[in-house]
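> A predicted structure for the sequence below; I have some questions about it.
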Amino acid sequence: QVQLVESGGGLVQAGDSLRLSCAASGRTVSTYTMGWFRQAPGKEHEFVAAISWSGGGTFYADSVKGRFTISRDNAKDTVYLQMNSLKPEDTAVYYCARGRTQITIVQVKDPKGYDYRGQGTQVTVSS
């Protein structure tokens, strides 16, 4: 079993920055693609960003490209999401997830491509 715990969320104003962390325990995630998703009230789960196990490949939703940066520290089994220039429409619960073994490029943007996820951390951006 893998436990994923997110932290770093909070209430900020538009234009501010936040850095989310996702710490894994139980089993290492260092050899897995990891992703960040978000869900706003009444909306579907939305892909935000993903990173390959080595960190050499990163993927972003168009809505966050240029503002968010995903990274990882495999020695710490932790994945990060640096969020800059936050907008009110970024308000959501953000959660990290572990990609399934041999996840494909097409699957990285689909929640079904992941097998474990955390409980999430709330990010609220006021205008």
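Structure received.

> Just the pLDDT for residue 105.
On the pLDDT scale, residue 105 is placed at 88.

> The one 5 residues further on now?
Residue 110 is assigned a predicted lDDT (pLDDT) of 96.

> Please apply the same query to residue 12.
Looking at residue 12, the pLDDT reads 98.

> From residue 22, how far off is it?
According to Cβ to Cβ, to the nearest Å, residue 12 and residue 22 sit 19 Å apart. In this view, the C-beta of every residue, glycine as well, is placed from N, C-alpha and C.

> who has more neighbours, these two?
Comparing residue 12 with residue 22 by other Cβ atoms under 10 Å, the one with more neighbours is residue 22, at 29 against 17.

> Show me what the more buried one is bridged to.
Per DSSP bridges, the residues bridged to residue 22 are residue 6, residue 79.

> Contact partners for it?
Residues in contact with residue 22 (Cβ atoms under 8 Å, 6 or more residues apart in numbering) are 4, 5, 6, 34, 36, 78, 79, 80, 81, 96, 118.

> go on, residue 101?
residue 32.

> which SSE is it in?
Residue 101 belongs to no helix or strand when elements are defined using DSSP states H and E.

> Next, work out how far apart it and residue 117 are.
Counting by Cβ to Cβ, the gap from residue 101 to residue 117 is 16 Å.

> repeat for residue 29
When residue 29 is compared with residue 117 (using Cβ to Cβ), they lie 12 Å apart.

> Provide the partner residues of residue 124 in its beta bridges.
residue 11.

> Tell me how many other residues surround it.
Counted with other Cβ under 10 Å, the neighbours of residue 124 add up to 14.

> was I right about it contacting residue 12?
Yes. Residue 124 is within contact range of residue 12, at 7.4 Å (criterion: Cβ atoms under 8 Å).

> any idea what sits nearest residue 70, other than its immediate chain neighbours?
residue 49 (4.0 Å; Cβ to Cβ, 6 or more residues apart in numbering).
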